[in-house]
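Enquirer: Next input, structure requested:
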Amino acid sequence: MHSHALFAVASRCIHLFLLLFGFQWLAHAANQNTPTVPVTCPGLVPGSLPGLLECTGQCQQTTCAALESFFHSTYSSNGSATNVWEERQGWKTFLTESCDAILSSPATSTGLPTYCGWYGVTCCTGAPVLLSMVYPLVGKFQNCSSMKSVVEINLPVNGLVGSITDPVLQQSIAQLHACGMNQLALSG
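Expert: Numbering: from 1, shown residues only. Predicted structure coming up:
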């Protein structure tokens, strides 16, 4: 087997591990390093569709702040071309704008917050969402639980830096999970 093929297999195994055990491991790791505060998502309210919550303005503000912490925890601003995200469409907005400015910009054509159109971000529209990283070749549809919330972040081989044991990164992932994210795929 070629080294590229081995890397692809290892990368998929890591993604599957994060899907199955990632949130539990993050919670355990956080308990080892710092006292934890239960994570909730303010602004998640019963939605207009049966069984779905809706991520209102307060939830979107919380989500945006968690995305910003996530970005800054995995992005190197030291000027080195080798330590920046390869694809950062949308995310680079955090280098110059606040969440207030981001959320005040026009929503996507589907009425979702602008961060829902960023590279690697999938948001809940109420329709089944194709979670690309779970079954990338055949696709698998899964319903989400919170309208207008981030349901997936998928950033494969993107030049991310940092450590999964970073408490800021752990807190941002936990916050995104509390606000509706249920899929996460990361690699360096």
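
Enquirer: how many other residues sit next to the closest residue to residue 148 other than its chain neighbours?
Expert: Ranked by CB to CB, 6 or more residues apart in numbering and with sequence neighbours excluded, the top spatial neighbour of residue 148 is residue 55, at 4.3 Å. For the C-beta atoms, the positions are set from N, CA and C on the backbone; glycine is no exception. Neighbour count of residue 55, defined by other CB atoms under 10 Å: 26.

Enquirer: State the distance from residue 55 to residue 74.
Expert: Distance from residue 55 to residue 74, counting by CB to CB, to the nearest Å: 23 Å.

Enquirer: that older thread, let's see the pLDDT reported for the residue nearest to residue 148.
Expert: What the model reports as pLDDT for residue 55 is 92.

Enquirer: Surely it and residue 145 touch.
Expert: No - with contact defined as CB atoms under 8 Å, residue 55 does not reach residue 145; the gap is 10.1 Å.

Enquirer: got any residues that touch both of these two?
Expert: The contact sets of residue 55 and residue 145 overlap at 124, 180 (CB atoms under 8 Å, 6 or more residues apart in numbering).

Enquirer: In this protein, where's the longest helix?
Expert: helix 57-74 (DSSP state H).

Enquirer: ok, and what's touching stretch 88-102?
Expert: 61, 64-65, 67-68, 71-72, 75, 77, 85, 113-115, 117-119, 121.

Enquirer: same check, this time on stretch 51-67
Expert: 41-48, 91, 94, 99-100, 102-103, 113, 115, 121, 124, 126, 144-150, 171-173, 175-176, 179-180.

Enquirer: Only whichever of those are buried, select them in PyMOL.
Expert: To isolate the buried members of the contacts of stretch 51-67 in PyMOL, using 16 or more other CB atoms under 10 Å:
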select buried, resi 41+43+44+47+91+94+99+102+103+113+115+121+124+126+144+146+147+148+149+150+171+172+173+175+176+179+180
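
Enquirer: Which of the contacts of stretch 51-67 fall within helices?
Expert: 99, 100, 102, 103, 171, 172, 173, 175, 176.

Enquirer: and the third one, what pLDDT?
Expert: This means residue 102. 93.

Enquirer: cool, and the fifth one?
Expert: Reading off the per-residue confidence, residue 171 sits at a pLDDT of 95.

Enquirer: thought it was touching residue 68?
Expert: No - counting by CB under 8 Å, residue 171 does not reach residue 68; the two are 12.0 Å apart.

Enquirer: Quick check: bridge partners of the residue nearest to residue 148?
Expert: residue 44 (DSSP bridges).

Enquirer: For the longest helix of the chain, buried residues please.
Expert: 59-64, 66-74.

Enquirer: ok, residue 149 - contacts?
Expert: 44, 53, 55, 59, 63, 123, 124, 179, 180, 181 are the contacts of residue 149 under CB under 8 Å, 6+ apart.
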